[in-house]
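Asker: Model the following, please.
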Amino acid sequence: MPEWTSTVSAARLARLLDSQELADHGTGGRRRPAYRALADGVRLLVLEGRLAVAARLPAERELATALGVSRTTVAGAYETLRAEGFLVSRRGSGSWTAIPAGRPLPGRGLEPLPPEAVESVIDLGCAALPAPEPWLTRAVQGALTELPLAARTHGDFPAGLPALRQVLADRYTARGVPTMPEQIMVTTGAMGAVAAICRLLASGGERVAVEHPSYANVLQLMREAGARLVPVPMADGLAGWDLAAWRRVLEVASPRMAYVVADFHNPTGALASESQRGELVAAARAAGAVLVVDETMADLALDLPPGERPPRPVCAFDRGGSGVITVGSASKTFWAGLRIGWVRAAPDLIRRLVAARVSADLASPVLEQLAVAWLMATGGWDEAIAGRRAAVRDNRAALVAALTRQLPDWDFHVPSGGLTLWVRTGGLSGSRIADVAERLGVRVPSGPRFGLDGAFEGYLRIPFTVDAATAEEAVSRLATASRLVTEGGGHLLSGPVGAIA
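Answerer: Alright, predicted model coming up:
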């Protein structure tokens with residue numbers, strides 16, 4: 001069952017349909033009847049996550065007036081959608097969008113392949129990079145020199161090692177947000193941070209507003225925590241955040257919490273402007289929602305001109321200091337094997353998070369905390385990240401070139417940072433392509449993993465985390481998978497997705 005329902009006005013649906021680019025799949029170049037084109041438009045809006053599942057559609061007469069078509073056209077479109085399972089109607093009550101029964105709904109998170117499988121499969125399932133050397137080795141060596149002092153203690157630091165809390169606070173202060181160590185809690189990765197926040201704020205069936213699409217593992221974590229997720233569609237392209245939609249959802253749904261990735265959003269790569277950040281904070285404050293901001297990609301700005309500063313952190317717009325919780329991590333920026341994350345929040349909330357943590361994982365590994373503290377205190381972090389950015393730029397250029405050359409019908413915007421491309425697969429089913437591609441030796445996650453209720457069927461997330469030669473081979477296998485799906489009739493507008501023999 002969907003976690004939240006909404007009502008779509010005739011005017012809003014007309015605007016969404018007007019902005020939707022519809023491929024003329026399966027018509028052999030013939031013009032589709034008006035009712036068929038309308039049904040295809042609504043279906044694609046649902047599949048792309050721009051129209052939520054269980055959204056109540058306007059009455060036939062209202063939509064006909066808004067679109068300037070006959071009521072017969074709208075009635076035919078609604079009947080087509082009902083027959084295909086994309087609409088459910090009750091006499092006298094109205095019609096709601098739906099996903100056909102039996103349609104696969106990938107909802108689990110993204111788990112890495114075991115190391116022994118990587119030799120035979122190009123694993124683009126996780127957006128992660130190899131460790132930057134020599135910095136990882138230097139950090140561990142530096143940590144070992146500090147370990148004897150820590151070893152004289154019991155080793156459990158639920159709030160984090162004082163040295164790491166201090167250096168993290170100093171980094172926020174340097175970014176223009178004065179921060180005390182008492183505002184920092186160290187966690188086991190960003191997922192540990194989000195899990196702790198969810199346990200405290202959203203474990204009892206509370207509503208949580210999330211970007212749509214959003215990071216697959218966090219969506220899964222929140223589902224398992226018992227949160228009721230309320231999707232807020234992203235704006236087209238890399239424009240990012242639809243502030244009108246955010247204000248509407250925050251006001252109507254009254255979520256306890258909202259989760260956003262404002263810096264190189266996962267999966268789209270969008271970067272929120274300063275004005276968008278300020279408006280998000282203001283909207284959440286007005287609705288009484290706590291805004292949880294994931295900054296795990298913040299250091300991966302790839303196209304920042306020399307001397308230009310990135311947008312200020314979202315918490316810089318939180319005048320009261322208690323409406324925004326910030327999550328950071330070493331795992332995406334530095335190395336996924338360094339499982340150290342952190343939370344920045346008001347001191348009283350940090351105390352509550354620390355107290356609640358005792359019954360969860362108690363504390364994070366001391367040696368890894370010492371390594372991150374050494375990196376940040378000595379300048380090694382900034383040097384390592386500078387080298388990381390250069391490598392990721394090269395990876396991005398190679399992937400973009402390979403996709404442009406081998407799959408010209410696929411559409412994407414090149415983000416200015418982060419690690420991922422959000423790719424529209426030319427009207428084909430992303431789930432089918434991902435299934436065939438894995439059999440061909442390349443693993444990519446399909447769009448529905450990043451949405452709710454089967455949205456984003458026409459997308460793949462492809463990280464630019466591999467070198468040029470590997471990217472070329474991965475795209476070659478994806479091109480073969482795309483051709484096989486095309487030959488099998490795997491178009492989005494051809495009906496429900498099924499298995500491929």
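Asker: Helices of the stretch 51-200 of the chain, residue ranges please.
Answerer: Secondary structure of the stretch 51-200 of the chain, counting by DSSP state H, counting those that start in this stretch: helices at 60-67, 71-84, 135-151, 162-174, 189-201.
Asker: just the ones you listed: most buried one?
Answerer: helix 189-201 (a mean of 22; mean count of other Cβ atoms under 10 Å). Glycine gets a C-beta too; all of them are placed from N, C-alpha and C.
Asker: List of residues touching that helix?
Answerer: Residues outside helix 189-201 that contact it (Cβ atoms under 8 Å, 6 or more residues apart in numbering) are 185, 187, 208, 217-218, 221-222, 225, 227, 256-257, 259, 290, 292, 294, 296, 325, 327-329, 331-332, 339-343, 352-353, 356-357, 360-361, 364.
Asker: if you look at those residues, which of them are in strands?
Answerer: 185, 187, 208, 257, 259, 290, 292, 294, 325, 327-329, 341-343 (DSSP state E).
Asker: which one of these is nearest residue 7?
Answerer: Closest approach to residue 7 among the ones in strands among the contacts of helix 189-201 (Cβ to Cβ): residue 208, at 20.5 Å.
Asker: Roughly how far does the closest one sit from residue 96?
Answerer: According to Cβ to Cβ, to the nearest Å, residue 208 and residue 96 sit 22 Å apart.
Asker: what do you get for residue 385?
Answerer: With Cβ to Cβ as the criterion, residue 385 and residue 96 are 47 Å apart.
Asker: cool, residue 248 as well?
Answerer: 18 Å.
Asker: In terms of packing, which of the two has more residues around it?
Answerer: The neighbour comparison of residue 248 against residue 96 (other Cβ atoms under 10 Å) goes to residue 96, with 20 against 15.
Asker: which residues does residue 71 contact?
Answerer: By Cβ under 8 Å, 6+ apart, the residues touching residue 71 are 60-61, 64.
Asker: can you put the residues you listed in JSON lines and add pLDDT and distance to residue 485?
Answerer: Output for the contacts of residue 71, formatted as JSON lines (pLDDT from 0 to 100; distance: Cβ to Cβ, whole Å):
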{"residue": "60", "pLDDT": "90", "distance to residue 485": "35"}
{"residue": "61", "pLDDT": "91", "distance to residue 485": "39"}
{"residue": "64", "pLDDT": "92", "distance to residue 485": "36"}
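Asker: any chance of those in JSON lines, with distance to residue 468 too?
Answerer: Output for these, formatted as JSON lines (distance: Cβ to Cβ, whole Å):
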{"residue": "60", "distance to residue 468": "54"}
{"residue": "61", "distance to residue 468": "57"}
{"residue": "64", "distance to residue 468": "53"}
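Asker: thinking again about what came up before, could the helices of the stretch 51-200 of the chain go into a markdown table alongside distance to residue 469?
Answerer: What follows is those, written out as a markdown table (distance: least, Cβ to Cβ, whole Å):
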| stretch | distance to residue 469 |
| --- | --- |
| helix 60-67 | 50 |
| helix 71-84 | 43 |
| helix 135-151 | 24 |
| helix 162-174 | 36 |
| helix 189-201 | 30 |
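Asker: Out of these, flag the one nearest residue 425.
Answerer: Nearest of the helices of the stretch 51-200 of the chain (Cβ to Cβ): helix 71-84, 20.3 Å.
Asker: Now do that closest one against helix 60-67, angle only.
Answerer: Relative orientation of helix 71-84 versus helix 60-67 (axes from the mean of the first three to the mean of the last three Cα atoms, to 10 degrees): 120 degrees.
Asker: average model confidence for helix 71-84?
Answerer: Regarding helix 71-84, the rounded mean pLDDT is 90.
Asker: which stretches of the stretch 401-501 of the chain have low pLDDT?
Answerer: 489-490, 492-501 (pLDDT under 70).
Asker: hey, where'd the helices end up in it?
Answerer: 430-439, 468-487.
Asker: Please produce CSV containing those, extended by mean neighbour count.
Answerer: Converted to CSV, the helices of the stretch 401-501 of the chain look like this (neighbours: other Cβ atoms under 10 Å):
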stretch, mean neighbour count
helix 430-439, 23
helix 468-487, 18
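Asker: In this structure residue 463 contacts residue 419, no?
Answerer: Yes. Assessed by Cβ atoms under 8 Å, residue 463 is found in contact with residue 419 at 5.0 Å.
Asker: which residues do these two both contact?
Answerer: In contact with both residue 463 and residue 419: 127-128, using Cβ under 8 Å, 6+ apart.
Asker: The ones in strands among the contacts of helix 189-201, buried ones only, as a PyMOL selection?
Answerer: The PyMOL command for the buried members of the ones in strands among the contacts of helix 189-201 (criterion: 16 or more other Cβ atoms under 10 Å) is given here:
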select buried, resi 185+187+208+257+259+290+292+294+325+327+328+329+341+342+343
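Asker: Show me the chain divided up by domain.
Answerer: 6-97, 115-128+385-494, 144-378 (automatic domain parsing).
Asker: As a markdown table, these with distance to residue 135 would be great.
Answerer: Compiled in a markdown table, the domains of the chain are given as follows (distance: least, Cβ to Cβ, whole Å):
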| stretch | distance to residue 135 |
| --- | --- |
| domain 6-97 | 38 |
| domain 115-128+385-494 | 8 |
| domain 144-378 | 7 |
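Asker: Ramachandran angles for the residue nearest to residue 480 when sequence neighbours are not counted?
Answerer: Nearest residue to residue 480, sequence neighbours excluded (Cβ to Cβ, 6 or more residues apart in numbering): residue 440, at 5.8 Å. Phi and psi for residue 440, reported as degrees, to the nearest 10, are phi -90, psi 0.
Asker: residues in contact with the residue nearest to residue 35 when sequence neighbours are not counted?
Answerer: Counting by Cβ to Cβ, 6+ apart, residue 76 is the residue found nearest to residue 35 once chain neighbours are left out, at 3.1 Å. By Cβ under 8 Å, 6+ apart, the residues touching residue 76 are 33, 35-36, 38-39.
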